[in-house]
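> Take a look and give me a structure for this.
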Amino acid sequence: MFVFDFKIKAKKTVILAAVLSVTAAIICTAVTVAINSRLPDTAVSDKTGEYSLVLNDGEEKKFLEQFGIETADAKPEKQSVVIPSDFNEYYEEYNELQKKIGLDLEKFKGKEVTEITVPLEKPKDNNAVLLVYKNRVIGGHITNGEYGSKNLPLVE
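Numbering: from 1, shown residues only. Sure thing, here's the model as predicted:
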């Protein structure tokens, strides 16, 4: 039978507690940085430091303008669309566009979402299109509205 006898002096206890506290602080900071680095590029921080892609009714223009997108005075148009359960080539390509800005439509397959089209001031005759599910922006693009033309990401 083995018996270990440890005698720890008060000074060593304080040093050990300080080292453990600093280590815990470093780990917490590293975890916070890792989480924030995974936020989508379109996530915005409010005054409290909270990140959100939440879009309340009527805030489409304000949402876009925070990314430097100039909206026109025309009223945004809204319609319901269903994201397909199975992505065809078009939706695969479109989802890749979303992934470039940190979003992904995969988990919204088969869901009914609101598509909001906001006319833009610059470039003229272009629109920003936002896909919103339960007041959260889940996708979007810039388009000139011509069939077959390339969609651009909301943010570069």
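> Beta-bridge partners for T71, please?
Going by DSSP bridges, T71 is paired in beta bridges with L120.
> Can you tell me how far it is from Y94?
Applying CB to CB, to the nearest Å, the value for T71 to Y94 is 22 Å. C-beta here means a position set from N, CA and C on the backbone, and glycine is covered the same way.
> Same question for E65.
24 Å.
> do K12 as well
61 Å.
> got it, and K61?
K61 is 23 Å from Y94, by CB to CB.
> Compare K12 and Y94 (neighbour count), which wins?
Y94 (18 against 10; other CB atoms under 10 Å).
> For the more buried one, what are phi and psi?
phi -60, psi -40 (degrees, to the nearest 10).
> If I follow the layout properly, it ends up in contact with K150?
No. Between Y94 and K150 there is no contact under CB atoms under 8 Å: 10.8 Å.
> hey, where'd the helices end up in this protein?
Using DSSP state H, the helices of the chain run over 10-37, 60-65, 89-99.
> What mean pLDDT does the longest one get?
Taken as a whole, helix 10-37 has an average pLDDT of 72.
> Kindly report the same for the last one.
Helix 89-99 shows a mean pLDDT of 91 in the predicted model.
> do stretch 65-72 as well
Stretch 65-72 comes out at a mean pLDDT of 85.
> which residues touch that stretch?
42, 44, 60-61, 64, 118-122, 128, 142, 154-155 (CB atoms under 8 Å, 6 or more residues apart in numbering).
> Now with 10 Å, please.
41-42, 44, 60-64, 101, 118-128, 142, 154-156 (CB atoms under 10 Å, 6 or more residues apart in numbering).
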